[in-house]
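# From the sequence below, what's the structure:
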Amino acid sequence: MAKKKKTAEEQHVELEGVKYYTKDFNQEQVAFYNHLIDLSKKERAMAFNLQQIQGGREHFTSLLSVSLKNGEAESD
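Have a look, this model is predicted:
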């Protein structure tokens, strides 16, 4: 099911318990809002990348451990 995109009239941000509609923003406020949106996207991407890096590190640590144990068994 496709997610319906909010129109400019519906888009809003809530700060300190007050709802502000983006349609009422001036140019400076639009720029700040766009920065926040972009930073949120980057934050999610970084969290995703970190999860991949941690998984990869665990995987290769495990492979190294097995390889070293097998190497010890061969040299005995």
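
# where does the most centrally placed residue in the chain land on pLDDT?
By Cα atoms, centre = their mean, the chain has its centre lying nearest to residue 44, at 1.0 Å. pLDDT, residue 44: 98.

# Likewise for residue 5?
69.

# so where does the residue nearest to the centre of the chain fall, helix or strand?
helix 27-75 (DSSP states H and E).

# how deep is the nearest residue to residue 22 once chain neighbours are set aside tucked in, by neighbour count?
Once flanking residues are discounted, residue 22 sits nearest to residue 11: 4.3 Å by Cβ to Cβ, 6 or more residues apart in numbering. Glycine gets a C-beta too; all of them are placed from N, C-alpha and C. For residue 11, the count of nearby residues is 15 (other Cβ atoms under 10 Å).

# Distance check, residue 11 against residue 18.
15 Å (Cβ to Cβ, to the nearest Å).

# give the contact list for residue 17.
Neighbour list for residue 17: empty [criterion: Cβ atoms under 8 Å, 6 or more residues apart in numbering].

# low pLDDT regions in this protein?
1-6, 8-9, 73-76 (pLDDT under 70).

# just checking, residue 19 is part of a strand?
Yes: assessed with DSSP: H, G, I helix; E, B strand; the rest coil, residue 19 lies in a strand.

# My guess is it contacts residue 12. True?
Yes: here residue 19 reaches residue 12: they are 5.2 Å apart, a contact under Cβ atoms under 8 Å.

# Look at the two and report which has more neighbours.
Using other Cβ under 10 Å, the more surrounded residue of residue 19 and residue 12 is residue 12, with 14 against 8.
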